[in-house]
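S.K.: model this:
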Amino acid sequence: MDVGPAVSAVRLYAEDLRPGVVFDLGSAKVSKEEILDFGRRFDPLPLHTDEAAAAASRFGGIIASGFHTLAVLQRLLVDAVFSRAAVIAGREITSLRMRAPVRPGDVLHGSMEIVEVRPRHDGTAVVRSRGALTNDSGTVVLELQGETLWEHRPPGGREGRTV
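M.R.: Numbers count the residues shown, from 1 in each chain. Next up is the predicted model:
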């Protein structure tokens, strides 16, 4: 999977986030080899592993596993946002929709929108967000809503910025 570099080295904390902000996560091209490898390793259904069987299916060819597609979104999230953020851990995925198949050669573009930031009294905050992957045709192939746990900026810390 070919992915781009992180967008910034500035450390983000929970208080730097505002509802409505959308992060451009960049893009990743999905190859046939990656689809076949992921399918063989983690989701060995014929749609993801057998070109002849997939060609005879309603999809007319190999498609990526939904979990492979989700992994692409996670990689883009890490590269563009989480690698420079005070994220502690994921809490839950509240909604996951696999809306369209991902085919060999598709370039997927990711985005993440901050929906809510709920500070807690233990120095953390729950951040609710929406993520999406769109192919080059503009079709949304995956939508996700979930929550992550973030740290607040340490006392006296000035690093970071509001986004």
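S.K.: now the helices for the protein?
M.R.: Taking DSSP state H as the test, the helices found in the chain are 32-42, 46-49, 51-55, 66-80.
S.K.: Residue 66: what's it in contact with?
M.R.: 98, 142 (CB atoms under 8 Å, 6 or more residues apart in numbering). C-beta here means a position set from N, CA and C on the backbone, and glycine is covered the same way.
S.K.: gap between it and residue 156?
M.R.: Counting by CB to CB, to the nearest Å, the gap between residue 66 and residue 156 amounts to 44 Å.
S.K.: Using TSV, lay out the helices of the chain together with mean pLDDT.
M.R.: As requested, the helices of the chain are arranged in TSV below (pLDDT from 0 to 100):
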stretch	mean pLDDT
helix 32-42	98
helix 46-49	98
helix 51-55	98
helix 66-80	98
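S.K.: Looking at those, which is nearest to residue 19?
M.R.: helix 66-80 (17.7 Å; CB to CB).
S.K.: Which positions in that closest one come out as buried?
M.R.: 66, 68-73, 75-80 (16 or more other CB atoms under 10 Å).
S.K.: follow-up on the earlier one: of all the helices of the chain, which one is nearest residue 129?
M.R.: The closest of the helices of the chain to residue 129 is helix 66-80. By CB to CB, the value is 9.1 Å.
S.K.: Isn't residue 26 up against residue 77?
M.R.: No - assessed by CB atoms under 8 Å, residue 26 is found out of contact with residue 77, at 10.0 Å.
S.K.: what touches both of these two?
M.R.: Between them, residue 26 and residue 77 share these contacting residues under CB under 8 Å, 6+ apart: residue 110.
S.K.: who touches residue 98 in this structure?
M.R.: 66, 69, 141, 142.
S.K.: go on, residue 64?
M.R.: By CB under 8 Å, 6+ apart, the contact set of residue 64 is 30, 34, 35, 38, 39, 48, 72, 101, 102, 103, 106.
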